[in-house]
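A.B. asks: Return atomic coordinates for the entry below.
(4 chains)
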There are 2 protein chains.
Amino acid sequence: MYREAIIEEQSAEIVVAEGGHDKNSPTCTNYLRSIHDTLDIISGKWKVTIIGSLSFGKKRFMELQRDVEGIGAKMLSKELRELEINGLVTRTVYNTKPVTVEYQITEYGKTLQPIIFEMSKWGTQHRKRIMSKD
Amino acid sequence: MYREAIIEEQSAEIVVAEGGHDKNSPTCTNYLRSIHDTLDIISGKWKVTIIGSLSFGKKRFMELQRDVEGIGAKMLSKELRELEINGLVTRTVYNTKPVTVEYQITEYGKTLQPIIFEMSKWGTQHRKRIMSKD
DNA sequence: TCATTAACTATACAAAAGGATACTACTATA
DNA sequence: TATAGTAGTATCCTTTTGTATAGTTAATGA
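C.D. replies: Numbering: from 1, shown residues only, chains lettered A, B, ... in the order given. Sure thing, here's the model as predicted:
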């Protein structure tokens, strides 16, 4: 059971350059470095979607493969391994026959949710825009 | 001249599954589809950083290459071309000698800023965490 | 005269990411 | 007995990404 995601207008405002003077300031450099650090962890075609899926509860390998449209078993297991190494998900093996493996998002993994939530919001709007265009 | 980015606590709260019942609900499916749509536009190693850089004001090719650490000219021009096609940046050529080319974020491109801002925030925290660990 | 800058493109190549298919071990079900 | 499901791995192949080097045009600076 889950509750619907609560969508509120975002209050964080990003105020950036209007003129062209301090474009290469330390602020800009730090901003970009932080983005780079984040991309090192979640870039690629699949990781964000996997974490997004696990935000709805723990899942097994096959459930994830069904959720993450288009991913193959090889990629899925590779991506999950990397997410585990970075402490974003946990992997639990139950010795049932056949084995059951459960993947779960960690508390640290949950700190990525604001990013993912913004991505989902943007994607929804983008789809509307594209649809109404042609 | 720019003003410092105003960082406020984010109020949007993401409430997702606690139990394990409706994990494959339409809500989850729609959420993941939207993420997928967004990734189609901004995934890869460079696009987010490029847009992040352009958020600080319009820039020329070489300025961007200096900003986006590690990118080569070929990749940069390829990525800029794709961003232009998707209506996220504009490219203006001035017939000075030698030519000047300016890249600027569009209004639509600016709608990506909340995502990028969250990424920057997370990257900053992540770096702190990694640093304090070892 | 020579080097340098700007904003690229062309070419060749290497490395990483991703995809398709087959296969494993084991059990349950038809 | 045959099939399907679970959670993958192994292998091979293609595509994408990235790197390095050279070349273009015209102007400026030493």
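
A.B. asks: Mind listing what's buried along the longest helix belonging to chain A?
C.D. replies: When chain A is parsed with DSSP state H, its longest helix is helix A:113-133. The neighbour-count check on helix A:113-133 (16 or more other CB atoms under 10 Å in any protein chain shown) flags A:113-124, A:126 as buried. In this view, the C-beta of every residue, glycine as well, is placed from N, C-alpha and C.

A.B. asks: Could you pull up the residues touching the nearest residue to A:Ser120 once chain neighbours are set aside?
C.D. replies: Nearest non-adjacent residue to A:Ser120, counting by CB to CB, 6 or more residues apart in numbering or on different chains: B:Ser34, 4.3 Å away. For B:Ser34, the contact set (CB atoms under 8 Å, 6 or more residues apart in numbering or on different chains) comprises A:Met119, A:Ser120, A:Lys121, A:Trp122, A:Gly123, A:Thr124, A:Arg127.

A.B. asks: how close does the first one get to chain B?
C.D. replies: Here the distance between A:Met119 and chain B works out to 4 Å (CB to the nearest CB, to the nearest Å).

A.B. asks: got it, and A:Phe56?
C.D. replies: Look at A:Phe56 and chain B: by CB to the nearest CB, they are 4 Å apart.

A.B. asks: doesn't B:Cys28 make contact with that residue?
C.D. replies: Yes: using CB atoms under 8 Å, A:Phe56 is in contact with B:Cys28, at 4.5 Å.

A.B. asks: Identify, from the contacts of B:Ser34, the entry nearest to chain B.
C.D. replies: A:Gly123 (3.3 Å; CB to the nearest CB).

A.B. asks: So the closest one is in contact with B:Thr38, correct?
C.D. replies: Yes: here A:Gly123 reaches B:Thr38: they are 3.9 Å apart, a contact under CB under 8 Å.

A.B. asks: Can you tell me the centre-most residue of chain A?
C.D. replies: A:Val48 (2.7 Å; CA atoms, centre = their mean).

A.B. asks: and whatever helix or strand that one lives in, what other elements does it pack with?
C.D. replies: Using DSSP states H and E, A:Val48 falls within helix A:47-54. With contacts defined as 3 or more CB pairs under 8 Å, 6 or more residues apart in numbering or on different chains; DSSP states H and E, the packing partners of helix A:47-54 are helix A:26-42, helix A:61-67, helix A:73-85, strand A:89-94, strand A:100-105, helix A:113-133, helix B:26-42.

A.B. asks: and the third one, which residues are buried?
C.D. replies: In other words, helix A:73-85. Neighbour-count burial for helix A:73-85 [16+ other CB under 10 Å]: A:Met75, A:Leu76, A:Glu79, A:Leu80, A:Glu82, A:Leu83.

A.B. asks: Chain A against DNA strand D: which residues are in contact?
C.D. replies: A:Arg60, A:Phe61, A:Met62, A:Glu63, A:Ala73, A:Lys74, A:Ser77, A:Arg91, A:Pro98, A:Val99, A:Thr100, A:Val101 (CB under 7 Å from any atom of the strand).

A.B. asks: Residues in contact with stretch A:80-87: which ones?
C.D. replies: So stretch A:80-87 is in contact with A:41, A:47, A:50-51, A:61, A:64, A:89-91, A:103, A:106, A:108-109, going by CB under 8 Å, 6+ apart.

A.B. asks: rewinding a little: roughly how far apart are the residue nearest to A:Ser120 and A:Ile116?
C.D. replies: From B:Ser34 across to A:Ile116, the span is 10 Å (CB to CB, to the nearest Å).

A.B. asks: how much space is there between A:Tyr103 and B:Val68?
C.D. replies: 33 Å.

A.B. asks: err, A:Thr90, not the other one
C.D. replies: Distance from A:Thr90 to B:Val68, by CB to CB: 34 Å.
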